[in-house]
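**Student:** sequence and predicted structure, then a few things I'm wondering about:
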Amino acid sequence: MTRVLNTRWYAVLEMQQRLKMLNPGSPEAEIVEHAVSLAINSKSQEENLKFFRYDIIRNARFSLQRTKVRQRKLCKKVALLTPACFKEPTEAQDFASFDLEAKLRAVIAASGKNMSQCFDDMINDKGVAATALACGVSQRTANRLRQKVRQVVKIYLNSQGFA
């Protein structure tokens, strides 16, 4: 039992050291940050440090890839509703996209603290690190905020019949 705990915490410490050398918000830093979370929450009984670390980083990479696929699908749904982003907008399209954004902002603002800032950062293509800094929270919490924003937008769009 002690060896399993040691393996886990050695892996966490190594990944934390590696994280210090990476640029915050870079893809590799996001993978390592997520791997640290997975290692801490792992129920794995792996005793070999190299295998454990490899498995955790591989799982983190795949998890983030799946998240990005879900984000792209959501962006495509939003893009269907706001075609003004991709071609010269007409006045009606411009009004519709501003109207949708205003409604989304109202729903998101009512959903919790820091949600509006997170939504703004997502719209402006800012990274997780920038959101964490702006909101005064950890990157892990910023990731959770982003996930909650995506969930609120998805629920809103589905309730409006844009599924």
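**Tutor:** Everything's here; your move.

**Student:** show me the shaky parts of this structure.
**Tutor:** 1-5, 44-46, 79-97, 162-163 (pLDDT under 70).

**Student:** what helix or strand does the nearest residue to residue 67 once chain neighbours are set aside sit in?
**Tutor:** Spatial nearest neighbour of residue 67, excluding adjacent residues (C-beta to C-beta, 6 or more residues apart in numbering): residue 147 at 8.0 Å. Where C-beta positions appear, they are placed from N, C-alpha and C, glycine not excepted. Element membership of residue 147, judged by DSSP states H and E, is helix 139-159.

**Student:** can you name every helix or strand that that helix contacts?
**Tutor:** For helix 139-159, the packing partners by 3 or more C-beta pairs under 8 Å, 6 or more residues apart in numbering; DSSP states H and E come out as helix 27-41, helix 49-81, helix 91-109, helix 115-123, helix 128-135.

**Student:** quick one: buried residues of that helix?
**Tutor:** 139, 141-143, 145-146, 148-150, 152-154, 156-157 (16 or more other C-beta atoms under 10 Å).

**Student:** just curious, which of the residues you listed is nearest to residue 101?
**Tutor:** When the buried residues of helix 139-159 are compared for distance to residue 101 (C-beta to C-beta), residue 153 wins out at 10.6 Å.
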